[in-house]
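Colleague: generate a structure from the sequence data that follows.
(one chain, ligands or ions: 2)
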Amino acid sequence: RPRTVLVDDEEGGVLFLSSPPSSSGFGHSSLERQRQRLPVYKYRTAILYLVENHATTIIVGETGSGKTTQIPQYLKEAGWAEGGRVIACTQPRRLAVQSVASRVAEEMGVKLGEEVGYTIRFEDQTKPNVTKIKFLTDGVLLREMMDDPLLIKYSVIMVDEAHERSLSTDMLLGLLKKVQRRRPQLRIIISSATIDAKSMSTFFHIRRRNIGQAAEDPTPSELPAILSVEGKGYNVEIHYVEEPVSDYLQAAVNTVLSIHDKEPPGDILVFLTGQDDINAAVQLLTEDAQNNGLLVLPLFSGLSRADQDLIFSPTPKGKRKVVISTNIAETSLTLEGIVYVVDSGFSKQRFYNPIPDIENLVVAPISKASARQRAGRAGRVQPGKCFRLYTEEYFVKEMPAEGIPEMQRSSLVSCVIQGNKGESGGLNDLRRNQNTQNELKLKALGIDNILGFDWLASPSPEAMIRALEVLYSLGILDEDAKLTSPTGFQVAEIPLDPMISKMILSADTYGCSEDIITIAAVLSVQSIWISVRGAQKEFDEVKLRFAAAEGDHVTYLNVYKGFIHSGKSSQWCYKNYINYHAMKKVIDIREQLSRLLRRLGIVLKSCERDTQVLRKAIIAGFFAHACCLEEFSPNGMYKTIKSSQEVYIHPSSVLFRVNPKWVVYHSLVSTDKHYMRNVIAIDPSWLIEAAPHFYQVRKPNPAPY
Ligand code: ADP
Ligand code: MG
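Modeller: Ligands and ions are numbered 1, 2, ... in the order given. Take a look at the predicted model:
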């Protein structure tokens, strides 16, 4: 009997497709048998048929059904990578890019970086003319569009995890729609775990203009096809707490211990929010005396390769694996063997308010859609259980049905937190201005009317205007909001947010590029310090050895010098509470930045000990983040100059309790208050020098300085 595959092509058409292809083409190794057992395998013919005949194919399928790892391989097997063409598959998260790429290389029996490769920012594991399947973050693909706006080298672009609605994904979809009008042969696959397929489909229903189309191939249908892959998830029993919990971290730890105590074998997956609470939970569980038999592993982006491998390796006999994760394990990565899920009900999310101009990465409640995804992780291999650390009443009555697309809750400028949503939890300072960077990308692509751009979900005009204002003050856009100046083009060339890029370019003028790229590299890793719970005092003392009166940025230079001086020793790092892996990454990023500057024709130069020019270069990029200490504030309250927002110096800063009158910060984190991270003391006159437009002297009100 032929299998029925429901294909909704918006005209109610249903296609009947015959049985899956025989497996004769495949060998019989265990990996291949595993491949054939995945739910998506039954749809192989259907998928290939739809991609062949439709410009856009939307594939919805449960997490773990094989979308990410299998579809690119099917496409390659069907010839989509012949003639030097490349199949691309994007992911919102870097860790997912690396992980799926290495899995696919393994399944294909090839070396990673050759036929199957990946690209994330600062790391390119592909080979020109060799790589056929390329995994990359959606941010990297956006950047590639600057050099190759029509993405000529790709035959198919699979935009994966579209339900996440990350900023870059949304932007990419908007741009791909434009590319498709110009290049009808390009195939797009939008895939996700849950998706509003209809609205995506409407968005992608392109009406092509009749431009000279290549005649070799028949043009695919303009109507997007929708295919839904049935998963084979097992039943998951949901348990709620009776009373709301006050401390979800402790509650999660207790729940894990009680599962371990009472429930039959099976691994546990715990959803917390970020690196800090994950590390704390790992520590509590590892310290606990009852933990015999528990193998506790953290999972967040920025994890080392070896730690990533541990997550995927089979649980040793007699042990129970406990993976404590950010929402990266919600849909991006599938872990085998999970039978129990503990759901805190929270994740880190970006929120932006354009009026005080504050963007935060905050721990916020998840949506019902996320909660269901999380629960589903327990039913992959057998019936499972999900323990929700919130009440049933809360779930039913209060939890929002869907999340809000990131586009509508992000700043377009001076976003304040290390946050690429793609890495909620493990976040990266440099990407906090992602949106401004994205906007620049649009500019660099020659898309000038940003306000009128066709988005899946429009950002607020206030956020747009705010972004344009800062970009203008940075000298990146001109009065007509056009990218015209040489600085503008250079900034667009550097794969960092515009404020950092501007800081680097200004360092050339101030003669301190050598030092500034070190600072930029340190700011682009999460943290170079290792914070040890309970050892705060020793840690603070050690930190004093490096502390500079000017602030954190100069302190980082001291750490870097010490590290180089030690011969890049891991022992030295250990003694000084410094994260060795982070420092190695700093060296690597710094090297790449110096190559980039050489390409831009900038000669590296050190200012030696002149921290004044160094700080001026920092201000050239970060003037919008200037704050002044409130005169009679007993608790070190600052106000931002531009919007009078209350902010405080973060306890991790070397300027904590020092409280210089004028400071510029790198990013804000918000918990109970808004805290400035990475702070430097400045002279206010430098601000006007750096950004006369931004700090115009307002008339009836006296100038703030
Ligand atoms: P989907 O994209 O539909 O969520 P994937 O293609 O990511 O599904 O996963 C398909 C299967 O491949 C899953 O069973 C998963 O466990 C397995 N898999 C994916 N990545 C890895 C990996 N790095 N190591 C081991 N198994 C993996
Ligand atoms: Mg996937």
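Colleague: burial of the closest residue in space to Arg598 that isn't next to it in sequence, as a residue count?
Modeller: Sequence neighbours aside, Leu604 is the residue nearest to Arg598 in space, at 7.8 Å (criterion: Cβ to Cβ, 6 or more residues apart in numbering). Where C-beta positions appear, they are placed from N, C-alpha and C, glycine not excepted. A total of 16 residues lie near Leu604 under the criterion other Cβ atoms under 10 Å.
Colleague: so Leu604 makes contact with Leu597?
Modeller: Yes: with contact defined as Cβ atoms under 8 Å, Leu604 reaches Leu597; the gap is 6.5 Å.
Colleague: re earlier: ok, the residue nearest to Arg598 to Leu505 distance?
Modeller: Distance, Leu604 to Leu505, using Cβ to Cβ, to the nearest Å: 13 Å.
Colleague: sticking with Lys537, tell me its helix or strand.
Modeller: For Lys537, the host element (DSSP states H and E) is helix 536-544.
Colleague: what about that helix, average pLDDT?
Modeller: For helix 536-544, the mean per-residue pLDDT is 81.
Colleague: for the stretch 51-200 of the chain, which residues are neighbours of ligand 1?
Modeller: Contact residues (Cβ under 6 Å from any ligand atom) of the stretch 51-200 of the chain with ligand 1: Gly61, Thr63, Gly64, Ser65, Gly66, Lys67, Thr68, Thr69, Gln70, Ser99, Val100, Arg103.
Colleague: tell me which of those residues fall in strands.
Modeller: Gly61 (DSSP state E).
Colleague: can you redo the residues of the stretch 51-200 of the chain next to ligand 1 as a markdown table with distance to Pro365, neighbour count and pLDDT?
Modeller: Output for these, formatted as a markdown table (distance: Cβ to Cβ, whole Å; neighbours: other Cβ atoms under 10 Å; pLDDT from 0 to 100):
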| residue | distance to Pro365 | neighbour count | pLDDT |
| --- | --- | --- | --- |
| Gly61 | 26 | 24 | 88 |
| Thr63 | 21 | 23 | 86 |
| Gly64 | 25 | 26 | 87 |
| Ser65 | 27 | 24 | 91 |
| Gly66 | 31 | 24 | 93 |
| Lys67 | 27 | 28 | 95 |
| Thr68 | 27 | 29 | 96 |
| Thr69 | 31 | 21 | 96 |
| Gln70 | 33 | 21 | 97 |
| Ser99 | 27 | 26 | 92 |
| Val100 | 29 | 22 | 94 |
| Arg103 | 32 | 19 | 94 |
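Colleague: kindly confirm my reading that the residue nearest to Arg598 is in a strand.
Modeller: No: using DSSP: H, G, I helix; E, B strand; the rest coil, the assignment for Leu604 is coil, not a strand.
Colleague: quick one: contacts for the closest residue to ligand 1 within the stretch 551-700 of the chain?
Modeller: In the stretch 551-700 of the chain, no residue comes nearer to ligand 1 than His581, which is 20.3 Å away by Cβ to the nearest ligand atom. Going by Cβ atoms under 8 Å, 6 or more residues apart in numbering, His581 touches Ser304.
Colleague: ok, Lys111 - how many residues close by?
Modeller: By other Cβ under 10 Å, 12 other residues sit near Lys111.
Colleague: before we move on, what about Val156?
Modeller: Count around Val156 with other Cβ under 10 Å applied: 23.
Colleague: re the thing from before, find residues that contact each of Leu604 and Leu597.
Modeller: Ser513, Ile517.
Colleague: okay, now the unreliable bits of the stretch 51-200 of the chain?
Modeller: 195-197 (pLDDT under 70).
Colleague: please apply the same query to the stretch 601-705 of the chain.
Modeller: Under the criterion pLDDT under 70, the flagged ranges of the stretch 601-705 of the chain are 696-705.
Colleague: so which residues of it form strands?
Modeller: Ranges of strands in the stretch 601-705 of the chain, per DSSP state E, counting those that start in this stretch, are 626-629, 638-640, 646-649, 662-670, 674-681.
Colleague: same question for the stretch 151-300 of the chain.
Modeller: Under DSSP E, counting those that start in this stretch, the stretch 151-300 of the chain gives strands at 154-159, 187-192, 225-229, 236-240, 267-271, 294-299.
Colleague: can you give me the angle the second one makes with strand 154-159?
Modeller: Translated: strand 187-192. If you take axes from the mean of the first three to the mean of the last three Cα atoms, to 10 degrees, strand 187-192 sits at 20 degrees to strand 154-159.
Colleague: follow-up on the earlier one: deepest of the strands of the stretch 151-300 of the chain, which one?
Modeller: Of all these, strand 267-271 has the most neighbours on average by mean count of other Cβ atoms under 10 Å, namely a mean of 28.
Colleague: what's the residue nearest to Arg598 in contact with, if anything?
Modeller: Leu604 neighbours (Cβ under 8 Å, 6+ apart): Ser513, Glu514, Ile517, Ser594, Leu597, Arg598.
Colleague: can you check Ile504 too?
Modeller: Ile504 sits in contact with Ile494, Leu496, Ser513, Ile516, Ile517, Ala520, Leu593, Leu597, Gly621, where contact means Cβ under 8 Å, 6+ apart.
Colleague: how about the residue nearest to the last one when sequence neighbours are not counted, secondary structure?
Modeller: Nearest in space to Gly621, with sequence neighbours left out and distances taken as Cβ to Cβ, 6+ apart, is Met503 at 3.1 Å. Here Met503 is helix, with the state taken from three-state DSSP.
Colleague: next: Leu136.
Modeller: Classification of Leu136 using three-state DSSP returns strand.
Colleague: how near is the closest residue to it other than its chain neighbours to His650?
Modeller: Excluding the flanking residues, the one nearest Leu136 by Cβ to Cβ, 6+ apart is Thr119, at 4.4 Å. Counting by Cβ to Cβ, the gap from Thr119 to His650 is 33 Å.
Colleague: what does Leu310 give?
Modeller: 31 Å.
Colleague: who's more crowded, those two?
Modeller: His650 (21 against 16).
Colleague: tell me the spacing between the more buried one and Tyr675.
Modeller: Remark: distance between His650 and Tyr675 (Cβ to Cβ) = 4 Å.
Colleague: ok, Met503 next?
Modeller: 21 Å.
Colleague: which of these two has more residues huddled nearby?
Modeller: Met503 (27 against 21).
Colleague: overlap in contacts of His650 and Tyr675?
Modeller: With Cβ under 8 Å, 6+ apart, His650 and Tyr675 have common neighbours Val669.
Colleague: what parts of this protein come near ligand 1?
Modeller: Near ligand 1, when you scan the chain using Cβ under 6 Å from any ligand atom, you find 38, 61, 63-70, 99-100, 103, 312, 334, 336.
Colleague: can you pick out the most distant pair from the residues you listed?
Modeller: Gly61 and Phe312 (20.6 Å; Cβ to Cβ).
Colleague: returning to what we had before: so which bits of the helix holding Lys537 are buried?
Modeller: Phe539, Val542, Lys543 (16 or more other Cβ atoms under 10 Å).
Colleague: got those residues as TSV, with distance to Trp80 columns?
Modeller: Formatted as TSV, these follow (distance: Cβ to Cβ, whole Å):
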residue	distance to Trp80
Phe539	53
Val542	55
Lys543	53
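Colleague: nearest to Val342, of these?
Modeller: Scanning the buried residues of helix 536-544 for proximity to Val342, where the rule is Cβ to Cβ, the winner is Phe539, at 30.0 Å.
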